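Visitor: Just to be clear, the model below is a prediction. Sequence and coordinates:
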Amino acid sequence: MSVILTERAATEVKRIMDHQQMGEGHVLRVGVMGGGCSGFSYNLGFDDKFDEKADMKTDFFGVPVVVDKKSALYLDGTTVDFYEGIERRGFTFDNPNAVKSCGCGSSFQA
C-alpha cells in the first residue's frame, strides 16, 4: 500500500466518522491534486465509493483507506498521522517522495 495510517490518525478518523454518523460503506480517501504553492496538494476526505480497477484499498486499525492508482505514484510510503498540540491540530503527511514542501505541509513537489 502506498499510504500508511498511524494508530493516532485512525483513532481521529473513527471519531469523526462516528460524530458524522457515517455508515459502514464509507472509506477514508487519500489522494493528491494539482495546486498548492509547491505543485501538488494532499486530498483527504470520506467517500462512499470504491472502484477496484482504479483504487487500492487497505485497512489500518479498523479504518478502510482508499488511494487512487494515479495518486499512489506520488504517495508511495507516505505516513498520515494526527497531531494535536497547543499551536495546531490536524492531520500531517510525511511523504518520502516530496523534494520540496510548503511551510504549512499541505502541498509538495515530487
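Guide: Nice, I can see it. Numbers count the residues shown, from 1 in each chain.
Visitor: where do the strands sit along this structure?
Guide: 3-5, 27-34, 40-47, 55-60, 63-68, 78-84, 89-94, 100-101, 107-109 (DSSP state E).
Visitor: Which elements pack onto the longest helix seen in the chain?
Guide: When the chain is parsed with DSSP state H, its longest helix is helix 7-19. Using 3 or more C-beta pairs under 8 Å, 6 or more residues apart in numbering; DSSP states H and E as the contact criterion, the secondary-structure elements in contact with helix 7-19 are strand 63-68, strand 78-84. C-betas here are computed from N, CA, C, even on glycine.
Visitor: pLDDT wise, what is the residue lying farthest from the centre of the chain at?
Guide: Here the centre of the chain is the reference, and by C-alpha atoms, centre = their mean the most remote residue is residue 86, at 22.7 Å. Reading off the confidence values, residue 86 has pLDDT 91.
Visitor: Quick check: which of the helices and strands packed on helix 7-19 is buried the most?
Guide: Most buried of the helices and strands packed on helix 7-19 by mean neighbour count (mean count of other C-beta atoms under 10 Å) is strand 63-68; its value is a mean of 20.
Visitor: Give the pairing partners of that one; include direction for each.
Guide: Using DSSP bridges, the strands paired with strand 63-68 are strand 27-34 (parallel), strand 55-60 (antiparallel).
Visitor: Next, the buried residues of the first one.
Guide: What that stands for is strand 27-34. Of the residues in strand 27-34, those buried by neighbour count under the rule 16 or more other C-beta atoms under 10 Å are 27, 28, 29, 30, 31, 32.
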